[in-house]
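S.K.: What would the 3D arrangement of this be:
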Amino acid sequence: MKRLYLLRHAKSGWDNPAQDDFDRPLSRRGRRSAPLMGRYMRNLGYAPSIALCSPARRMQETWDLVRDALDSGTAEEMRPELYHPAPRTLLDTVQAIDDAHESAIVISHNPGILTLALGLIGSGVVSANPFGKYPTAALTVFDFAVDAWKDVYPGQGRLIGFTRPKELDSAA
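M.R.: Numbers count the residues shown, from 1 in each chain. As a prediction, the model looks like this:
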């Protein structure tokens with residue numbers, strides 16, 4: 001069994017319109033929602049053994065805040081190919097994860113993360129698109145009845161959960 005967590009980066013700031021997209025930091029809302037999602041993951045016992053993250057600043061800041069709230073020993077890899085990737089690139093990245101890792105989190109951008117999530121659904125949902133717009137800092141969790149990451153294919157994931165930060169904000 002393999003467990004995959006898909007996390008869209010938290011809300012980024014647009015304070016400096018001349019700033020390169022790659023270097024945009026998190027906004028105040030993003031700095032609040034990322035640790036909220038990390039605590040939520042910790043409370044549910046979600047502990048990815050490896051994190052694959054786009055090297056863009058907002059992705060790294062998101063992961064740093066989630067990781068600190070998780071308080072776990074997750075291995076980390078910054079992957080340049082995860083900066084605004086095509087869904088196929090995201091799937092290739094998942095399929096290339098070392099099988100020693102039973103669980104992994106991928107932190108990346110939309111629309112790729114939404115498209116990948118929709119493509120992976122095999123069971124556990126009744127709606128054609130349970131995610132809606134896939135907001136910033138939203139988390140999707142899938143289980144796959146496979147022993148090797150290379151065997152993760154579209155339509156095979158069991159959707160365990162989808163959580164938006166605003167749902168956690170209202171529960172707090």
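
S.K.: can you pull the buried residues of the helix ranked longest in the chain?
M.R.: For the chain, the helix with the greatest residue count under DSSP state H is helix 28-43. By neighbour count with 16 or more other C-beta atoms under 10 Å, helix 28-43 contains the buried residues 29-41. (Each C-beta comes from the backbone N, C-alpha and C, glycine too.)

S.K.: Could you do stretch 79-95 as well?
M.R.: 79, 82-83, 85, 87, 89-91, 93-94.

S.K.: Any chance of these in CSV with pLDDT, distance to residue 56 and secondary structure as columns?
M.R.: As requested, these are arranged in CSV below (pLDDT from 0 to 100; distance: C-beta to C-beta, whole Å; DSSP: H, G, I helix; E, B strand; the rest coil):
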residue, pLDDT, distance to residue 56, secondary structure
79, 94, 11, coil
82, 94, 8, helix
83, 93, 5, coil
85, 93, 11, coil
87, 89, 18, helix
89, 95, 14, helix
90, 95, 15, helix
91, 97, 20, helix
93, 97, 15, helix
94, 97, 19, helix
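
S.K.: Return the member of the residues you listed nearest to residue 133.
M.R.: Of all those, residue 133 sits closest to residue 87, with 16.1 Å by C-beta to C-beta.

S.K.: Quick check: nearest residue in space to residue 85, chain neighbours excluded?
M.R.: Nearest in space to residue 85, with sequence neighbours left out and distances taken as C-beta to C-beta, 6 or more residues apart in numbering, is residue 112 at 4.8 Å.
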